[in-house]
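*Asks:* predicted model, plus sequence, below.
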Amino acid sequence: DTGVSQDPRHKITKRGQNVTFRCDPISEHNRLYWYRQTLGQGPEFLTYFQNEAQLEKSRLLSDRFSAERPKGSFSTLEIQRTEQGDSAMYLCASSPRQSMNTEAFFGQGTRLTVV
Amino acid sequence: QKEVEQDPGPLSVPEGAIVSLNCTYSNSAFQYFMWYRQYSRKGPELLMYTYSSGNKEDGRFTAQVDKSSKYISLFIRDSQPSDSATYLCALDQTGANNLFFGTGTRLTVIP
């Protein structure tokens, strides 16, 4: 499978716990995005990487959230001290060099449930 | 006011019907217009994208953009039960690092 891969697909955690999600983009894509999608809403932008550099963060990305992309390959999104409001689908997308966001390919997402 | 407005539906049509899905937007800087299809519990899948005003056709799907009215549409001809999904419009502007999505319209095609 050469698409965007996300792991785990589903995570249930207790409020206050930390969680970490992983995204493996399409191998030749240097642009990587994280989005969050709640029920009945469209995806909302969280953050963007070009190679290993995190170039933009949304105001939605509170200080409990941190994202990394070491060596410009896979990326991780960590949420510390989870809250019930963090329950959502976390989507990763990647796009090739020189392209606009129009060629963003999404993974299947990680569905987080905070209980 | 949201950047992109989309009627969430739900929309139910009989098989074979023509479906019209629409979004409006407020920011005239948007230049690229996309439609994604999202099946339940899956990630969005890019269907089509267009640049500037006009029509673009791909099989049973036609995307239409009217920049003067800030209105975009997706038409599905001869709709099939397999078209049942949520359809998301997404907009992009030069220099931005993210897409702006509508809320999505949930479509059900009844056999």
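*Replies:* Cool, got the structure.
*Asks:* chain A: strands as residue ranges?
*Replies:* A:5-7, A:10-13, A:19-24, A:31-37, A:44-50, A:53-57, A:65-68, A:75-79, A:88-95, A:105-106, A:110-114 (DSSP state E).
*Asks:* residue nearest the centroid of chain A?
*Replies:* In chain A, the C-alpha nearest the mean C-alpha coordinate belongs to residue A:34, at 3.3 Å (CA atoms, centre = their mean).
*Asks:* which residue is the nearest non-sequential neighbour of that residue?
*Replies:* Excluding the flanking residues, the one nearest residue A:34 by CB to CB, 6 or more residues apart in numbering or on different chains is residue A:46, at 4.2 Å. Heads up, the C-betas are built off the backbone N, CA and C, glycines and all.
*Asks:* need the contact list for the one you found.
*Replies:* Residues in contact with residue A:46, defined by CB atoms under 8 Å, 6 or more residues apart in numbering or on different chains, are A:33-36, A:57-58, A:60-61, A:65, A:67, A:77, A:90.
*Asks:* would JSON lines of these with pLDDT be doable?
*Replies:* JSON lines is the format used below for those (pLDDT from 0 to 100):
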{"residue": "A:33", "pLDDT": "94"}
{"residue": "A:34", "pLDDT": "97"}
{"residue": "A:35", "pLDDT": "96"}
{"residue": "A:36", "pLDDT": "97"}
{"residue": "A:57", "pLDDT": "91"}
{"residue": "A:58", "pLDDT": "91"}
{"residue": "A:60", "pLDDT": "85"}
{"residue": "A:61", "pLDDT": "87"}
{"residue": "A:65", "pLDDT": "96"}
{"residue": "A:67", "pLDDT": "97"}
{"residue": "A:77", "pLDDT": "98"}
{"residue": "A:90", "pLDDT": "98"}
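*Asks:* between those residues, which sits nearest chain B?
*Replies:* Closest approach between these and chain B, by CB to the nearest CB: residue A:33, at 6.5 Å.
*Asks:* what separation do you get for the residue of chain A at minimum distance from chain B and residue B:10?
*Replies:* In chain A, no residue comes nearer to chain B than residue A:42, which is 3.1 Å away by CB to the nearest CB. Residue A:42 is 15 Å from residue B:10, where distance means CB to CB, to the nearest Å.
*Asks:* ok, the two, which is more surrounded?
*Replies:* Shown here are residue A:42 and residue B:10; by other CB atoms under 10 Å in any protein chain shown, residue A:42 has more neighbours (25 against 10).
*Asks:* what residues does chain B have near chain A?
*Replies:* Where chain B comes near chain A, counting by CB under 8 Å from any CB of the partner chain, the residues are B:4, B:6, B:8, B:32, B:34, B:36, B:41-46, B:49, B:88, B:90, B:92, B:94, B:96-104.
*Asks:* buried stuff in the host helix or strand of residue B:48?
*Replies:* Per DSSP states H and E, residue B:48 falls inside strand B:45-51. For strand B:45-51, a neighbour-count test (16 or more other CB atoms under 10 Å in any protein chain shown) marks B:46-50 as buried.
*Asks:* what angle do that strand and strand A:88-95 make?
*Replies:* With axes from the mean of the first three to the mean of the last three CA atoms, to 10 degrees applied, the angle from strand B:45-51 to strand A:88-95 works out at 60 degrees.
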